[in-house]
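**Student:** Sharing a model prediction with you, sequence too.
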Amino acid sequence: MITSRLLAAVSLSLVLTGCANLQDVRDFAGESAKLSAYTELTTRFRDTYQREQPYLSGPVEQQAQANDKRRRDAYPDLLKIHHGVALYMQTLATLAGDDAFDLSPAMDSLTSGIKAYPEGGIDSRQVDAYASMARIVAKWMTSAAQEKAVREMVMEGDPSVQAILDGMAALVSYYRKTNDNERKAVLGFLEVELAFAGAPKDKLLAALGKAHLQAKIREYQVADARYGEAEAGIASIKEGHKALARNVDNLSSAEAKAQIKKLTKDIKAIRSNLQAASAY
Amino acid sequence: MALANATQIVDFADALTRSADSIHDRLLTAIRNNEVDHPTAQMIFQDESILRQRANGLYIDAASCVVAGLDEAQKSVIDLVDTANARMRKIKEMAQLIDLVADLLLLATATYAAKPRPIIAALKEVRRDVEALTGKA
């Protein structure tokens, strides 16, 4: 029948223009948690003065206070950078999700509405046949629209996403360097003072000081590890998005075959539905 | 480009940090060899600490540089998010329109049967659909 050949041609062209690997996109977008260390370290950066203050005095403390104010002022903008990229990943996940482009629930309710209308003059079996065809065609059309939307978002987004992640990596390195200076200032102070606490009257002070020094060393070891984790997380997301932009068009041959098989099955279903509908 | 400027600032800050590190090593050696008394050691340590604070100040400058340079990229990403939301909203509106048609059919059926309760229920559904479509829901 001419109609079914036309239908097949239309569906095929829709499928081929729309192809995108949605599962890869969903998997990637779920990784946004890898960026959470950045927010934690941004807060730690802001609170540097709080931690180093007990060990400072004189002009050093004044300079530290000035730094503190500037860090607090910069803090909202530093967080905003993370917010932008996290929102992008979240939206991408929703866009590529199962529900975003699904019209079947609405179409099902329409089918029941049509069936319930007695004056419609359409036999219930005809309604089912038309409904099945409409559902299949709508699925392929919205599928193509979805894949096109996802593909466009990923490809247009890649340069900006890479730039933002590069920026975040640079910022984490500045946080790490700031932390290094904080650690050396705190531990250095304790080292220098403890070196002069050798007199018998200073025994208690020396003991307390040494215990405190050891506790501080451990504290900084724990914090130091977080910077490495943050850097690794950012690098992973960078690579992931680059791979998406490269491959979002390429279905593997197995996936392409599966798509074509499904299309063939659906065309057959449409054809049999057309016959059922025109039988009455 | 902003990253390049930031890098220059950071290089200078790193140099200050390295100077502070050298002073610290020298100070520890001096203390071990009894070359300095307590007040002198404290003075030298203050010099070292000032360098560290200045370096940290420069790292803040570099951070501000990076943030300013990301303005365009940030806007771009937000635009993409808005576009995606608009596309998803369009599909949702299509679904709501189809729901409206389905409920209109049910209203027609109820009216045909001429029983008041189904008519009122169907009318309520239609009104809800219209509100959802026009964004009042």
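**Tutor:** Structure's in. What do you need?
**Student:** which ones are touching A:Leu213?
**Tutor:** A:Leu187, A:Leu190, A:Glu191, A:Leu194 (CB atoms under 8 Å, 6 or more residues apart in numbering or on different chains). In this view, the C-beta of every residue, glycine as well, is placed from N, C-alpha and C.
**Student:** Type out the ChimeraX command that picks the buried ones from those residues.
**Tutor:** The ChimeraX selection below is limited to those of those classed as buried (16 or more other CB atoms under 10 Å in any protein chain shown):
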select /A:187,190,191,194
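**Student:** Show me which pair in the contacts of A:Leu213 is furthest apart.
**Tutor:** A:Leu187 and A:Leu194 (10.3 Å; CB to CB).
**Student:** any idea which helix is longest in chain B?
**Tutor:** helix B:71-113 (DSSP state H).
**Student:** list the helices and strands it packs on?
**Tutor:** Where contact means 3 or more CB pairs under 8 Å, 6 or more residues apart in numbering or on different chains; DSSP states H and E, helix B:71-113 is packed against helix A:58-95, helix A:104-116, helix A:124-195, helix B:116-134.
**Student:** Pick the most deeply packed of those helices.
**Tutor:** Of all the helices and strands packed on helix B:71-113, helix A:124-195 has the most neighbours on average by mean count of other CB atoms under 10 Å in any protein chain shown, namely a mean of 20.
**Student:** Could you double-check that A:Met153 sits in contact with B:Ala84?
**Tutor:** Yes. Using CB atoms under 8 Å, A:Met153 makes contact with B:Ala84 at a distance of 5.6 Å.
**Student:** what's the overlap in contacts for these two?
**Tutor:** A:Thr91, A:Leu92, A:Leu95.
**Student:** filter the residues you listed down to the ones near chain B?
**Tutor:** For chain B, the contacts drawn from those by CB under 8 Å from any CB of the partner chain are A:Thr91, A:Leu92, A:Leu95.
**Student:** Below-threshold pLDDT in the stretch 1-150 of chain A: ranges please.
**Tutor:** A:1-20, A:116-123 (pLDDT under 70).
**Student:** Quick check: the most far-flung residue of chain A relative to its centre vs chain B, distance?
**Tutor:** What lies farthest from the middle of chain A is A:Pro200; by CA atoms, centre = their mean that is 59.9 Å. Distance check for A:Pro200 against chain B: by CB to the nearest CB, to the nearest Å, it reads 16 Å.
**Student:** Kindly indicate whether A:Arg51 is helix, strand or coil.
**Tutor:** Here A:Arg51 is recorded as helix under DSSP: H, G, I helix; E, B strand; the rest coil.
**Student:** these two touch, right, A:Arg226 and A:Ser36?
**Tutor:** No. Applying CB under 8 Å, one finds A:Arg226 not in contact with A:Ser36, separated by 10.6 Å.
**Student:** more crowded one of those two?
**Tutor:** A:Arg226 (18 against 14; other CB atoms under 10 Å in any protein chain shown).
**Student:** tell me the domain boundaries of chain B?
**Tutor:** B:2-69, B:87-134 (automatic domain parsing).
**Student:** Lowest average confidence across the ones you listed, which one?
**Tutor:** Here the domains of chain B differ in mean pLDDT, and the lowest is domain B:87-134 at a mean of 81.
**Student:** so how far is the first residue of it from its last?
**Tutor:** Using CA to CA, to the nearest Å, the end-to-end distance of domain B:87-134 comes to 17 Å.
**Student:** What score does the residue farthest from the centre of chain A have for pLDDT?
**Tutor:** 87.
**Student:** Tell me who's in contact with the residue nearest the centre of chain B.
**Tutor:** Of all residues in chain B, the one closest to the mean position by CA atoms, centre = their mean is B:Gln74, 8.9 Å from it. B:Gln74 is in contact with A:Lys80, A:Ile81, A:Gly84, A:Ser160, A:Ile164, counting by CB under 8 Å, 6+ apart.
**Student:** With A:Leu171 instead?
**Tutor:** Contacts for A:Leu171 (CB under 8 Å, 6+ apart) come out as A:Tyr38, A:Thr42, A:Leu78, A:Ile81, B:Ala63, B:Val66, B:Val67.
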